[in-house]
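Q: got a predicted structure here, sequence first:
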Amino acid sequence: MSAPPALLAGRLCICVGAGGVGKTTVAAAIARSRAARGERVAVVTIDPAPRLAATLGLDGLSGEPRRVDGAGELWAMRLDPKRTLDELIASLAADTAARDRALSNRIYRELSSAVAGSQEFSAVAKLYELDRDGAFDAIVLDTPPSRNAMDFLDAPARLTRFFDGRTLRLLLSQGAFATRLAGRASAPLLGMLGRLTGAEVLVEITAFFTAIGGMADGLAARASAVQRLLHDPATDYVLVSSPRREAAQETIEFAAHLRAAGLAPAALIVNRVHVPVETRADDATLNAVLGADLAGRVRESTGEAGRLAAADAAAIERLRAAFTDCALATVPELDGEVDDLTGLTRVAERLH
Ligand SMILES: Nc1ncnc2c1ncn2[C@@H]1O[C@H](COP(=O)(O)OP(=O)(O)O)[C@@H](O)[C@H]1O
Ligand SMILES: [Mg+2]
């Protein structure tokens, strides 16, 4: 199988695909493999599960890159969406007073929690910062398990919408805000504001726009810089797919969305592929060694594994036909979980 060169070359590598297919695992494996080749690599995950940290031999991940022991210059970090947004605001504020006004504004705190909940936004914003910092040769991003895998492409636009007040207006209009202004605010999304009187809410909203207003140009510039980064030729999209039929179909549709956005996938990784089990013994030998009962069960599960492998092979052929323009690699279903550096190495070995 041809090596997917993109996995070893792109400065930024964004792993995308449906939930549960192995994006986090593949992102970590790519990062490990590149670090093993002497690059200084950051793998950025959003996975709150401690599993990735444990796989990397760390007792946890945080918003600061942490070095993985025994893996060269491999660094791992977990996105903290709220913190990413706060840092962005802080970096755009004219001075510390302006920063504090914005960060302590109650509207900002309510909305940033809601918007920071959009992990896609934070993911690309963080990617941009890490890229600009220049501290790493390569950055591998594990994308969030969104319902819509394309959400992160929309993230820069969402950033602009948030701060130019459109998001705020939308939230406010949803809850018949006018009636609340007469009494007390009570929209669920604006929970904290619910304890304020209408007049106090107005004061907070005015303060929000005053505090954020001076940052509008900076934010718009940042949004378009992030947008450019997503479309930069040095940014590679690595599609991760399961070989199951429905998942393969989803991957094909996903790639079409990517292409429609002017982004070609650099590589397709088909993960957790079933391989046929080989039994060299013939029926008579199996019966003689195992007894008829056990031999029957062995034949049954061997047959089942064969059927799964054949189904996977057919799905892979379909994928291959749909992805003639990008490298394709398959990773077999490995025994047990991929839960340590050795497991990641086994995945990585299949990627080049
Ligand atoms: N090739 C593989 N063989 C066996 N288990 C795998 C393989 N790839 C991933 N897994 C397991 O599948 C589960 C989901 O993988 P994960 O990378 O978290 O998926 P995603 O990030 O797409 O949701 C994890 O428990 C992981 O250990
Ligand atoms: Mg994941």
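A: Looks like it arrived, so ask away. Numbering: from 1, shown residues only. Ligands and ions are numbered 1, 2, ... in the order given.
Q: can you tell me the closest non-neighbouring residue to the closest residue to ligand 1 within the stretch 151-300 of the chain?
A: The nearest approach of the stretch 151-300 of the chain to ligand 1 comes at residue 272, 4.6 Å away (CB to the nearest ligand atom). The way it works is simple: take the backbone N, C-alpha and C, and place the C-beta from them, glycine included. Spatially, and ignoring its direct neighbours in sequence, residue 272 is nearest to residue 333 (4.5 Å; CB to CB, 6 or more residues apart in numbering).
Q: circling back: residues near the residue of the stretch 151-300 of the chain closest to ligand 1, how many?
A: Applying other CB atoms under 10 Å, we find 21 residues neighbouring residue 272.
Q: same deal with residue 257?
A: Per other CB under 10 Å, the neighbour tally for residue 257 reads 14.
Q: what does the protein put close to ligand 1?
A: Contact residues (CB under 6 Å from any ligand atom) of the chain with ligand 1: 19-25, 145, 271-272, 331, 333-334, 337-338, 347.
Q: switch the cut-off to 8 Å
A: Proximity of the chain to ligand 1 (CB under 8 Å from any ligand atom) is limited to residues 17-28, 47, 49, 51-52, 55, 142, 145, 240, 271-273, 331-339, 343, 347.
Q: run through these and flag the ones next to ligand 2.
A: Among the residues of the chain next to ligand 1, the residues lying close to ligand 2 (CB under 5 Å from the ion) are 23-24, 47.
Q: for stretch 89-106, C-alpha coordinates in CSV please.
A: Taking Å, rounded to 0.1, in the frame of the first residue of the first chain, the C-alpha atoms of stretch 89-106 are listed here in CSV:
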residue,chain,number,x,y,z
ILE,A,89,-10.3,38.3,24.3
ALA,A,90,-7.3,39.0,26.6
SER,A,91,-4.9,39.2,23.7
LEU,A,92,-7.2,41.6,21.8
ALA,A,93,-7.9,44.0,24.7
ALA,A,94,-6.1,47.3,24.5
ASP,A,95,-5.0,47.2,28.2
THR,A,96,-5.6,45.2,31.3
ALA,A,97,-8.5,47.3,32.4
ALA,A,98,-10.3,46.7,29.1
ARG,A,99,-9.5,43.0,29.4
ASP,A,100,-10.9,42.8,32.9
ARG,A,101,-14.0,44.7,31.9
ALA,A,102,-14.7,42.2,29.1
LEU,A,103,-13.9,39.1,31.0
SER,A,104,-15.9,40.0,34.0
ASN,A,105,-18.9,41.2,32.1
ARG,A,106,-21.9,39.0,32.9
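Q: in the chain, which helix or strand is least confident?
A: helix 177-182 (a mean of 46; mean pLDDT, DSSP states H and E).
Q: check the closest residue to residue 160 other than its chain neighbours and give its pLDDT.
A: Counting by CB to CB, 6+ apart, residue 223 is the residue found nearest to residue 160 once chain neighbours are left out, at 4.7 Å. Reading off the confidence values, residue 223 has pLDDT 82.
Q: need the contact list for residue 302.
A: With contact taken as CB atoms under 8 Å, 6 or more residues apart in numbering, residue 302 is in contact with 277, 279.
Q: helix or strand: which one has it?
A: Using DSSP states H and E, residue 302 falls within helix 292-322.
Q: how about the strands in the protein?
A: Secondary structure of the chain by DSSP state E: the strands cover 12-16, 41-45, 66-67, 74-78, 138-142, 235-241, 265-273, 327-332.
Q: can you give me the helices for the stretch 151-300 of the chain?
A: Applying DSSP state H, counting those that start in this stretch to the stretch 151-300 of the chain gives helices spanning 155-163, 166-174, 177-182, 198-213, 216-230, 245-260, 283-290, 292-322.
Q: give me the neighbour count for residue 207.
A: Using other CB under 10 Å, residue 207 has 17 neighbouring residues.
Q: hang on, the earlier thing: state the distance from the residue of the stretch 151-300 of the chain closest to ligand 1 to residue 247.
A: 10 Å (CB to CB, to the nearest Å).
Q: near ligand 2, which residues of the chain? Just list them.
A: When proximity is defined by CB under 5 Å from the ion, the chain lies next to ligand 2 at 23-24, 47.
Q: many thanks, have a good one.
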